[in-house]
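J.: Give me the fold of what follows.
(chains A, B, C and D)
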Protein chains: 2
Amino acid sequence: MRLDERKRKILQAIVEDYVATAEPVGSRTVARKYNLGISPATIRNEMADLEEIGFLEQPHTSAGRIPSDFGYRYYVDEIMNKIGISQWEEAAIRRRLQARMDAIELLAHQTTEILSEVTRLASVVMGPIWVKNSFEYIRLLPVDREKVLLLVVTTMGLVEHFLMEAPAGVTAADLDHISRIINRQLKGLRPGDLTRATLDSIYDDLAAYRRVVDNIMDIVFAIMKEDQGRRVYLGGTLNILEQPEFRDVNKLKDILSLLSAEDKMWGLLAAGCEAEGLTIRIGHENKGAGINNCSIITATYQVNGEVVGTLGIIGPTRMEYARVASMVEYVSKVFSEVLSRR
Amino acid sequence: MRLDERKRKILQAIVEDYVATAEPVGSRTVARKYNLGISPATIRNEMADLEEIGFLEQPHTSAGRIPSDFGYRYYVDEIMNKIGISQWEEAAIRRRLQARMDAIELLAHQTTEILSEVTRLASVVMGPIWVKNSFEYIRLLPVDREKVLLLVVTTMGLVEHFLMEAPAGVTAADLDHISRIINRQLKGLRPGDLTRATLDSIYDDLAAYRRVVDNIMDIVFAIMKEDQGRRVYLGGTLNILEQPEFRDVNKLKDILSLLSAEDKMWGLLAAGCEAEGLTIRIGHENKGAGINNCSIITATYQVNGEVVGTLGIIGPTRMEYARVASMVEYVSKVFSEVLSRR
DNA sequence: GTTAGCACTCTCTGAAGGCGAGTGCTAAAA
DNA sequence: TTTTAGCACTCGCCTTCAGAGAGTGCTAAC
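T.: Here you go, the predicted model:
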């Protein structure tokens, strides 16, 4: 199907305007916004033609036109310009995908999923606060010609392990040397304590192993950097749609914007951290947050006996407190166990 | 604040009815559904009292009552029965939290998040199909007195690693022996090929190491079991709320039920697997699925050159095809790279 | 102290009518 | 022959209004 230039231009204008506004596009709009040098009446004629061959549709007699599936298809195949994405966007995507995720992050994610599944509410896990946690030591174990296992152990007995690549020339003795130096420099450091000077000093001492050390410090740094703990994991956010109180679009917007504001969520969850165990906050008791008609049930969780965070659910004040509280409590118990055992 | 028994009963009835129905509760309803042996008129009097002390509210003059925040607070503190959760539920939670998640799962999750962030649409990653993948070998490396590193290598060059506990008595020689036996039995097996007989045979040969072998086979089994690949990862589902086409609650329900139906989603995504590279399916072109007005853009991803799955986004037919297609394509490229490099 | 009866209040629903956006057609202009 | 201006017409959206229904508060009787 071949369209003349003018029809293509009009189809393009309609598709792009509709994509941008989600409103049916009228002939006047096309004439005004896209200077094609023709009058609305002419455009109306062309639009009638485009409708006849099935590229446009009218929701009702006196509305503008919207593209049909076939119209989009033609647009995609014949009209649209394949725009590339910017270097900046590419870099952002690449960086995010290559960022290391640690085991706790994974587990937290898994936990939100379970919590929201059993409670049918939106769930939250506050990433652990590591204030009382500090660097203990790393170990490097050769696995095969190109792979080395890195273990990072902290005072709370948590172990993170990573399989990394290493140039073939690095021997077991080299690895021993590297880990000794790093351990001496970092021993006892808390998240946030890692300074530029320490890093430089390590690189000086290990100049010969630049590539391997790069890899190691990448990981150690990711584990030790301060803001890592300030994460909030969300799950089951779609469950809130099931609640009749959120039929109202405005209330929905309110709670969604709260949920996606990490700092506010952090504040709300940290409040539950004061007392060990279960906390139920009903409606206005969640002060500060711009939410009404919502309750939050949280329970603290522990790593090796120390309270390091909270997890729980958010739902309308109208909720089955007894059932949900038991669920939250139990999940926090198992979560603590699983964390402590690693 | 002390309430007499009858007021407690009435408050309880109202809270529980309102929790269940989300409708203001009238005196008639309380009298009919909760046999308290008193008439609606009496209940009305009591309700007026409860409203006066702030435990109940009236949305408007001639509606039933709903609990206030204080009412819920009293209910939670003084009335509700702390019901435990069933053993069955406990077991389910525990099982889910202790289930192993492999590295690909983690990466897939991360990828959906990135995709939906850059496109502002709901994103999907179809878990890899491992048909052309088979078991190559495991390696067991002692890490310290109680920990052993398990590496599972498959023909596509993928390596999964796990840190597991082992009884102190197991020596390096033992581990060597164990891995030799397991490797001989499993070599070349595909996902789904692992039979009961093979398992039994392994346990026979390694009866002495029952506990360690249990741990290992747990992991290997998780990696090799057939349906593992049939997973679909979702991300950014809340983004669909931003689209004006889903203001309509029914359309919203439609797409949400589609998104949560894993088998249907799998079908839709597998369709994009036929041709390597980018696939754009507009509206009705997504046949079979009960969705209208939705388009799906997917791109295949590879592990070491082999196409093993697809990832992409779902949004209204009204979408910025050019921009979104570029994003999906680029993410699939980086995802392939990251997967292949491990 | 409890209950039946009754007037009253307030929301919800559907119908009716006005408004406005946008079309299709016709006839004139280029 | 193509383009444009003019105009009547259509149809969804919004507001208004009345009737129905649910639930209350008050009063008087039990």
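J.: C-alpha only now, for contacts and for neighbours.
T.: Fine.
J.: Quick check: residues of chain A near DNA strand D?
T.: Listed as neighbours of DNA strand D in chain A under the rule C-alpha under 7 Å from any atom of the strand: A:37, A:38, A:39, A:40, A:41, A:42, A:45, A:60, A:61, A:62.
J.: what about 6 Å?
T.: A:38, A:39, A:41, A:42, A:60, A:61, A:62 (C-alpha under 6 Å from any atom of the strand).
J.: what's the pLDDT at whatever residue of the stretch 101-250 of chain A ends up closest to DNA strand D?
T.: In the stretch 101-250 of chain A, the residue that lies nearest DNA strand D is residue A:249 (14.7 Å; C-alpha to the nearest atom of the strand). With respect to pLDDT, residue A:249 has a value of 72.
J.: Please apply the same query to residue A:294.
T.: What the model reports for residue A:294 is a pLDDT of 90.
J.: Once you drop chain neighbours, what's closest to it?
T.: Leaving aside its sequence neighbours, residue A:294 sits nearest to residue A:316 (C-alpha to C-alpha, 6 or more residues apart in numbering or on different chains; 4.2 Å).
J.: Let me see the domain layout of chain A.
T.: Using automatic domain parsing, the domain parsing of chain A gives A:5-79, A:93-127+A:231-341, A:135-228.
J.: For residue A:70, identify the helix or strand it belongs to.
T.: Assessed by DSSP states H and E, residue A:70 sits inside helix A:69-74.
J.: what residues does the lowest-mean-pLDDT helix or strand in chain A touch?
T.: Taking mean pLDDT, DSSP states H and E as the measure, strand A:159-165 is the helix or strand of chain A with the lowest mean score, a mean of 76. Strand A:159-165 is contacted by residues A:102-103, A:146-153, A:215, A:342, B:161, B:163 when judged by C-alpha atoms under 8 Å, 6 or more residues apart in numbering or on different chains.
J.: so which of those residues would you say is closest to residue A:297?
T.: Nearest to residue A:297 among the contacts of strand A:159-165, counting by C-alpha to C-alpha, is residue A:103 at 25.0 Å.
J.: So the residue nearest to residue A:294 sits against residue A:241, correct?
T.: No. The criterion here is C-alpha atoms under 8 Å, and residue A:316 misses it with residue A:241 at 11.0 Å.
J.: Could you check which of those two has the larger neighbour count?
T.: residue A:316 (22 against 18; other C-alpha atoms under 10 Å in any protein chain shown).
J.: Tell me which residues touch the more buried one, please.
T.: A:243, A:245, A:293, A:294, A:295.
J.: if we can go back for a sec, which one of the domains of chain A has the most crowded surroundings?
T.: Of all those, domain A:93-127+A:231-341 carries the top mean neighbour count, a mean of 19, counting by mean count of other C-alpha atoms under 10 Å in any protein chain shown.
J.: In chain A, which residue is most central in space?
T.: In chain A, the centroid-proximal residue (C-alpha atoms, centre = their mean) is residue A:233; its distance is 8.1 Å.
J.: before we move on, the earlier item: and the helix holding residue A:70, anywhere near chain B?
T.: Yes. Helix A:69-74 is in contact with chain B by C-alpha under 8 Å from any C-alpha of the partner chain, via A:69, A:72, A:73.
J.: Okay, helices next: where are they in the stretch 101-250 of chain A?
T.: Counting by DSSP state H, counting those that start in this stretch, one finds helices in the stretch 101-250 of chain A at the ranges A:103-119, A:172-186, A:196-205, A:210-224, A:249-260.
J.: Figure out which of these is closest to DNA strand C.
T.: Nearest to DNA strand C among the helices of the stretch 101-250 of chain A is helix A:249-260 (15.1 Å), distances taken as C-alpha to the nearest atom of the strand.
J.: list the helices and strands the closest one packs on?
T.: Packing partners of helix A:249-260 (3 or more C-alpha pairs under 8 Å, 6 or more residues apart in numbering or on different chains; DSSP states H and E): helix A:262-271.
J.: what does the stretch 1-150 of chain A have sitting close to DNA strand C?
T.: Proximity of the stretch 1-150 of chain A to DNA strand C is confined to A:26, A:27, A:28, A:41, A:44, A:48, A:62, A:63, A:64, A:65 under the rule C-alpha under 6 Å from any atom of the strand.
J.: Pipe those residues into a markdown table and attach pLDDT, distance to residue B:221 and secondary structure per row.
T.: Listed next are those as a markdown table, based on pLDDT from 0 to 100; distance: C-alpha to C-alpha, whole Å; DSSP: H, G, I helix; E, B strand; the rest coil:
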| residue | pLDDT | distance to residue B:221 | secondary structure |
| --- | --- | --- | --- |
| A:26 | 93 | 60 | coil |
| A:27 | 92 | 63 | helix |
| A:28 | 91 | 65 | helix |
| A:41 | 92 | 69 | helix |
| A:44 | 94 | 65 | helix |
| A:48 | 93 | 62 | helix |
| A:62 | 83 | 62 | coil |
| A:63 | 87 | 59 | coil |
| A:64 | 89 | 58 | coil |
| A:65 | 94 | 56 | strand |
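J.: In a helix, residue A:274, correct?
T.: No. Checked against DSSP: H, G, I helix; E, B strand; the rest coil, residue A:274 lies outside a helix; its state is coil.
J.: where does it fall, phi/psi-wise?
T.: Here is the backbone geometry of residue A:274 (degrees, to the nearest 10): phi -60, psi -50.
J.: Quick check: pLDDT value at it.
T.: At residue A:274, the model reports a pLDDT of 78.
J.: tell me the contacts of residue A:286?
T.: Counted by C-alpha under 8 Å, 6+ apart, residue A:286 has contacts A:268, A:295, A:296.
J.: quick one: which of these is nearest residue B:142?
T.: When the contacts of residue A:286 are compared for distance to residue B:142 (C-alpha to C-alpha), residue A:268 wins out at 43.4 Å.
J.: Can you tell me how far that closest one is from residue B:222?
T.: Using C-alpha to C-alpha, to the nearest Å, residue A:268 is found at 37 Å from residue B:222.
J.: what residue ranges in the stretch 201-342 of chain A score low on pLDDT?
T.: By pLDDT under 70, the low-scoring segments of the stretch 201-342 of chain A are A:224-229, A:288-290, A:341-342.
J.: so which residue of it comes closest to chain B?
T.: The stretch 201-342 of chain A approaches chain B most closely through residue A:318 (5.1 Å), counting by C-alpha to the nearest C-alpha.
J.: would you say that residue is within a strand?
T.: No. Secondary structure of residue A:318 (three-state DSSP): coil, not part of a strand.
J.: surely it meets residue B:22?
T.: Yes. Between residue A:318 and residue B:22 there is a contact under C-alpha under 8 Å: 7.4 Å.
J.: Which residues of the stretch 201-342 of chain A lie near chain B?
T.: A:237-238, A:244-245, A:282-284, A:317-323, A:326-327, A:330-331, A:334-335, A:338.
J.: Would you tell me which helix is longest in chain A?
T.: helix A:321-341 (DSSP state H).
J.: so what's residue A:243 up against?
T.: By C-alpha under 8 Å, 6+ apart, the neighbours of residue A:243 are residue A:316.
J.: Look up how far DNA strand C lies from it.
T.: Separation of residue A:243 from DNA strand C (C-alpha to the nearest atom of the strand, to the nearest Å) stands at 16 Å.
J.: Give me the phi and psi for that residue.
T.: According to degrees, to the nearest 10, residue A:243 has phi -80, psi 130.
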